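In: let me see the structure of the following:
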Amino acid sequence: MKLLLLSNSTAPGHGYLEHAREVIAEHLRGVEELLFVPYALADHDGYTAKVTAFMEPLGIRVRGVHTGEPGQLATEAEAVFVGGGNSFRLLKSLQTRGLLEAIRARVTAGAPYMGSSAGTNMACPTLRTTNDMPIVAPLSFESLGLIPFQINPHYLDPSPDTSHMGETREERLTQFLEENDVPVLGLREGTWLRREGERLELGGVAAGARLFTYGAGPVEHVPGADLSQLLAAPARFDIGDA
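Out: Numbers count the residues shown, from 1 in each chain. Purely as a prediction, here's the structure:
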């Protein structure tokens, strides 16, 4: 399986996807046409045009999955990119259009998968560690399950100077682990994961990522870290109900 999972699509001082241009070009080397899934945003045509503008200099054509029969296009896709936006809207769209099964089967068969933010959330077993507001209700929280652990994109470290009195990201993920025995990787801005077969590597900026596991404190990982052990991690959800 070949995956590229980005925490974010836009970084400060860079255009859309530009901060990850080199790794995207490498991930999609040899791909002539990319199937783009724009359902996390409302303007599907506008979103697809934005991706097209980035991919064109790389010599990659882009087709929006909304421009034809979605399931058939996914089944025939050379590669798939699921863009960011609202994860709840995205998952509901994938479910109602039969795309969870079609994309999962295509990627499992070898087609490269790329996700950013919400699209990265979709690669996890469930939606449960998204940061997004539930603006719609998906049929369930089950997503693609291309990896056996959870990711929290856009991970933010606790700030002692903030006036915000709600839970920090660390507190929210700790609460998740009170109910579920599933590793969660907090991907800071500018970071990504690359999966090639059974190898999983962290890439991106020096800030790296933070790994949360059941019954243990968070562990820091820097770019270049081999996280392949996470691919063998057993997932136990709803252990609080057991």
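
In: what segments of the chain are helices?
Out: Remark: helices assigned in the chain by DSSP state H are 21-27, 44-55, 70-76, 87-96, 99-108, 118-122, 169-179.

In: so which bits of the longest one are buried?
Out: By that I understand helix 44-55. Buried residues in helix 44-55, counting neighbours by 16 or more other C-beta atoms under 10 Å, are found at 44, 47-48, 50-52, 54-55. Any C-beta I mention is one placed from the backbone N, CA and C, and that applies to glycine too.

In: which of the helices of the chain sits most buried?
Out: Mean neighbour count (mean count of other C-beta atoms under 10 Å) peaks for helix 118-122 among these, with a mean of 28.

In: quick one: mean pLDDT for it?
Out: Taken as a whole, helix 118-122 has a mean pLDDT of 98.

In: center of the chain - which residue?
Out: Compute the mean C-alpha point of the chain, and by C-alpha atoms, centre = their mean the closest residue is residue 120, 0.4 Å away.

In: run through the residues that contact it.
Out: Taking C-beta atoms under 8 Å, 6 or more residues apart in numbering as the criterion, residue 120 is in contact with 5-7, 84, 151, 153, 187, 193.

In: any idea how far residue 215 is from the residue nearest to residue 180 when sequence neighbours are not counted?
Out: Take residue 180 and drop its neighbours on the chain: the residue closest to it by C-beta to C-beta, 6 or more residues apart in numbering is residue 237, 4.9 Å away. Between residue 237 and residue 215 the computed distance is 16 Å (C-beta to C-beta, to the nearest Å).

In: the two - which one has more neighbours?
Out: Neighbours around residue 237 and residue 215, counted as other C-beta atoms under 10 Å, are more numerous at residue 237. The numbers are 17 against 6.

In: does the more buried one really touch residue 126, like I thought?
Out: Yes: the criterion here is C-beta atoms under 8 Å, and residue 237 meets it with residue 126 at 7.0 Å.

In: any residues in contact with both of these two?
Out: Contact with both residue 237 and residue 126 is made by no residue, according to C-beta under 8 Å, 6+ apart.

In: all strands for this protein, in order.
Out: If DSSP state E is used as the criterion, the strands of the chain fall at 2-6, 33-37, 61-64, 80-82, 113-116, 150-155, 184-188, 191-196, 199-204, 209-212, 219-221.

In: partner strands of the last one and their direction?
Out: It refers to strand 219-221. strand 209-212 (antiparallel) (DSSP bridges).

In: tell me how far residue 15 lies from residue 116.
Out: As defined by C-beta to C-beta, residue 15 lies at a distance of 14 Å from residue 116.

In: which of these two has more residues huddled nearby?
Out: When residue 15 and residue 116 are compared for neighbours, residue 116 comes out ahead with 27 against 12, by other C-beta under 10 Å.

In: surely the more buried one and residue 19 touch.
Out: No: if you go by C-beta under 8 Å, residue 116 and residue 19 don't touch, sitting 10.9 Å apart.

In: switch the strands of the chain over to a markdown table; also include distance to residue 171.
Out: Listed next are the strands of the chain as a markdown table, based on distance: least, C-beta to C-beta, whole Å:
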| stretch | distance to residue 171 |
| --- | --- |
| strand 2-6 | 24 |
| strand 33-37 | 32 |
| strand 61-64 | 38 |
| strand 80-82 | 28 |
| strand 113-116 | 25 |
| strand 150-155 | 12 |
| strand 184-188 | 12 |
| strand 191-196 | 21 |
| strand 199-204 | 23 |
| strand 209-212 | 11 |
| strand 219-221 | 17 |
